[in-house]
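Novice: prediction below, plus the sequence it came from.
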Amino acid sequence: MNTDTASPDPRSYVVISPCRNEAAYMRRTLDSMVAQSEPPTLWVIVDDGSTDETPQILADYTAQHDWIKVVPKPDRGHRAVGPGVIEAFYAGVETVSLSDYAYLCKLDLDLDLPPLYFATLMDRMEANPRIGTCSGKAYFRNGAGELESENIGDEMSLGMTKFYSTACFEQIGGFVREVMWDGIDCHKARQLGWAPVSWDDPALRFEHLRPMGSSQQSIFTGRRRHGFGQYYMGTHPLFLIASAVNKSRQKPYVLGGLAMLQGYFGALLRGEAQHGDKDLIAFIRDYQKRALKIGKARAVAEIEAERADLLKI
């Protein structure tokens, strides 16, 4: 570990990308990163045992750009989701000293980012130091080939491109190694006084080349996994039901919401373990009960105002 106490360059950022068999998408991600107005100081790509052309594509780009580094891992036999992705992410984190960078990003290799993406995120975090984690908004191509929003709330940074101040990331203890890691982190950050956020504007809209909530088996597997993740996070049952009803309005209509309910209540009936932070579960449920009464935006604004003095910025 680097023990140098000098402050990092205020615009320095390291990107960590877990990947496996991303040959179908990754060139667009790689090209969009190379085209950034402010490319990362270092980009660590963890090849989690790819068996397609991923290693060859990565070799092409590392030969041209010395700020791209590949960390190979042995073949696990399948594409990992949830805890497997975070395990691969930490394999990349272990190769760097986070204190050398002002920011850290966990980035998937199935995205097409606009060229001002990271510069805009840093500008906004500099303008409001309470923002501990942020992102733009994800869009996907629908059946008509048009870009359609994935409709993720403004109160969270998106899991496929989580941009963090390293101070916030270290204070929350990083990511848990379980499904719903990308919700737990935002709630923990807000509990400690930080402000997680995502914005929808042209400089921050990116294309998600693989639909969110799907899985290598089916979208229903993804929705059941999401329901289990909500249970693991500690989501209140009433909030989960409201979320499932809302999800039922999206394709696959009704059945997607039912799959979420199956994942959540199946875990509840089996008595599955939840993460061990009881204070955080209480905090999450308090937020969710407020959100059901007054809406997410107002509940978030109230909580962040109440906790504004927790950070010494």
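Specialist: Everything's here; your move.
Novice: run through who's touching stretch 36-44.
Specialist: Identification of contacts with stretch 36-44 by C-beta atoms under 8 Å, 6 or more residues apart in numbering yields 9, 11-17, 33, 67-71, 92, 95-96, 101, 105, 113, 115-119, 122. Yep, even glycine has a C-beta here, placed from its N, CA and C like the rest.
Novice: now do 7 Å
Specialist: For stretch 36-44, contacts defined as C-beta atoms under 7 Å, 6 or more residues apart in numbering pick out 11-17, 33, 67-69, 71, 92, 95-96, 101, 115-119.
Novice: what about Q288, which helix or strand?
Specialist: helix 278-294 (DSSP states H and E).
Novice: tell me the helix or strand right after that helix.
Specialist: helix 296-306.
Novice: can you list the low-confidence ranges for the stretch 1-150 of the chain?
Specialist: Applying pLDDT under 70 to the stretch 1-150 of the chain flags the ranges 1-5, 76-82.
Novice: what about the helix holding Q288, average pLDDT?
Specialist: Mean per-residue pLDDT for helix 278-294: 98.
Novice: again with stretch 236-255
Specialist: pLDDT averaged over stretch 236-255 gives 91.
Novice: what residues sit buried inside that stretch?
Specialist: Applying a neighbour-count criterion of 16 or more other C-beta atoms under 10 Å, one finds H236, F239, L240, I241, S243, A244, K247, S248 buried in stretch 236-255.
Novice: return the residues in contact with the second one.
Specialist: Read that as F239. Here F239 is in contact with Q288, L292 (C-beta under 7 Å, 6+ apart).
Novice: that one belongs to a helix?
Specialist: Yes. The assignment for F239 is a helix, going by DSSP: H, G, I helix; E, B strand; the rest coil.
Novice: I'd like to know how far it sits from M160.
Specialist: According to C-beta to C-beta, to the nearest Å, F239 stands 23 Å off from M160.
Novice: over to the first one?
Specialist: Applying C-beta to C-beta, the value for H236 to M160 is 26 Å.
Novice: do the fourth one as well
Specialist: Distance, I241 to M160, by C-beta to C-beta: 26 Å.
Novice: and if you look at the third one?
Specialist: From L240 over to M160 the distance is 22 Å, taken as C-beta to C-beta.
Novice: one more: G153?
Specialist: For G153 relative to M160 (C-beta to C-beta), the value is 15 Å.
Novice: between the two, which one's more packed in?
Specialist: M160 (20 against 13; other C-beta atoms under 10 Å).
Novice: how about K289, what does it touch?
Specialist: Counted by C-beta under 7 Å, 6+ apart, K289 has contacts H236.
Novice: next one: G183
Specialist: M156, M233.
Novice: could you say which helix or strand holds it?
Specialist: Counting by DSSP H and E, G183 is part of helix 181-191.
Novice: which positions within that helix qualify as buried?
Specialist: Those would be W181, D182, G183, I184, D185, C186, H187, K188, A189, R190, Q191, for helix 181-191 by 16+ other C-beta under 10 Å.
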